[in-house]
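Chemist: Coordinates for the following, if possible.
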Amino acid sequence: MLYFPQYDYYTTWPFMLSVVAFYLLSIVVLKLNKHKFQLDIFMKFYNFTQIVLCAYMTWGFILHGFSLENPFGLNHEFTQGIEWFMFVHYVSKYLDFFDTWIMILKQNLRQLSFLHVFHHSSILLVWGFLLQMNQANGTAYFGAFLNSIVHLIMYSHYLWTSFGFTNPFKKWVTHIQMIQFVLCIVHSVLSVIFETVLEKRLAYLQFCYHIIMIVLFADFYRKTYSGNSFFFFFFFFFFFYLYF
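Modeler: Now for the predicted structure:
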């Protein structure tokens, strides 16, 4: 890391791959248990913690990276502030593992999809790789910023429903998640064309990763809501944006 080399160890491949291996192994081990745990109090505390953390990251990225004139942060200079919040965002991906463990302990195995496990195990490596390459800065802030907003909305939804309330906007939580992937694809394409500060090969990595994610999420949406109109709508939006 450029500004926080004291944390470099936590972005090395041995460390990250060991953690991901532990995560995958924990899924196998926990699934052996057939007892359904009641985690209501813990879930309320966990969701509240995520809300506070995501709000902190959202505030930090607005303060150090976001501007209405250049929301994607194209050619944004590398700063200590952005790198710090990128590192916090990376660390938050470890906390996200509790999503999986809670699902298993509550025996909500239907939610334990390939999409879920793939995303939680791979996104940690993506952000860690950027930090390792001293490239988790500048325009790279945009994906972390967007994800912080989405998770702020998502965990607010979880906290609200954990008290037994119904969220009439539940379907839009999934919509917002897919919008996130589309905007990240748009960002990666713009970075390939216009970015001169961040390494362009990382824009290609972002593009490929989010294509995979939006395809997996579209499949999840189709199976959950019995329709694929949303999938085609956002791909239409994407190609329309690129054309014009």
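
Chemist: alpha carbons only for contacts and neighbour counts from here, please
Modeler: Will do.

Chemist: Low-confidence ranges, the chain, go.
Modeler: For the chain, applying pLDDT under 70 flags the ranges 220-244.

Chemist: Look up the closest residue to the residue sitting nearest the centre point of the chain, ignoring the ones flanking it.
Modeler: Closest residue to the average C-alpha location of the chain: residue 147 at 4.8 Å, with Cα atoms, centre = their mean. Closest residue in space to residue 147, ignoring its immediate chain neighbours: residue 180 at 7.2 Å, by Cα to Cα, 6 or more residues apart in numbering.

Chemist: is it true that that neighbour touches residue 149?
Modeler: No. Between residue 180 and residue 149 there is no contact under Cα atoms under 8 Å: 9.4 Å.

Chemist: where's residue 161 relative to residue 167, distance?
Modeler: Taking Cα to Cα, to the nearest Å as the measure, residue 161 falls 7 Å from residue 167.

Chemist: do residue 111 as well
Modeler: Distance of residue 111 to residue 167, given as Cα to Cα: 18 Å.

Chemist: Name the surrounding residues that touch stretch 180-197.
Modeler: By Cα atoms under 8 Å, 6 or more residues apart in numbering, the list of residues contacting stretch 180-197 from outside reads 72, 74-77, 138, 142-143, 146-147, 150, 200, 203-204, 206-207, 210-211, 213-214, 234-235, 238, 241-242.

Chemist: what ranges do the strands span in the chain?
Modeler: Assigned by DSSP state E, the chain shows no strands.

Chemist: any chance you could map the helices in it?
Modeler: Remark: helices assigned in the chain by DSSP state H are 13-30, 40-64, 80-95, 97-105, 114-132, 141-162, 170-194, 200-225, 229-243.

Chemist: May I see the buried residues of the third one?
Modeler: This points to helix 80-95. Residues of helix 80-95 classed as buried by neighbour count (16 or more other Cα atoms under 10 Å): 82-93.

Chemist: now do the fourth one
Modeler: By neighbour count, with 16+ other Cα under 10 Å as the criterion, the buried positions of helix 97-105 are 100-105.

Chemist: other SSEs contacting that helix?
Modeler: With contacts defined as 3 or more Cα pairs under 8 Å, 6 or more residues apart in numbering; DSSP states H and E, helix 97-105 has these neighbours: helix 13-30, helix 114-132.

Chemist: Deepest in the core, which of the ones you listed is it.
Modeler: Mean neighbours per residue, mean count of other Cα atoms under 10 Å, is largest over the helices and strands packed on helix 97-105 for helix 114-132, with a mean of 18.

Chemist: and that helix with helix 200-225, angle?
Modeler: 160 degrees (axes from the mean of the first three to the mean of the last three Cα atoms, to 10 degrees).

Chemist: Could you name the helices and strands sitting against helix 114-132?
Modeler: When contacts are defined as 3+ Cα pairs under 8 Å, 6+ apart, helix 114-132 sits against helix 13-30, helix 80-95, helix 97-105, helix 200-225.

Chemist: Provide the contact partners of it at residue level.
Modeler: Identification of contacts with helix 114-132 by Cα under 8 Å, 6+ apart yields 1, 8, 11-12, 16-17, 20, 23-24, 86-87, 90, 93-94, 96-97, 100, 136, 213, 216-217.

Chemist: Compute the inter-axis angle for that helix and helix 13-30.
Modeler: Using the same axes, to 10 degrees, the inter-axis angle of helix 114-132 relative to helix 13-30 is 160 degrees.

Chemist: how far is helix 114-132 from where the chain is centred?
Modeler: Relative to its chain's centre, helix 114-132 lies at 8 Å (Cα atoms, centre = their mean, to the nearest Å).

Chemist: Against residue 158, how distant is residue 40?
Modeler: Applying Cα to Cα, the value for residue 40 to residue 158 is 11 Å.
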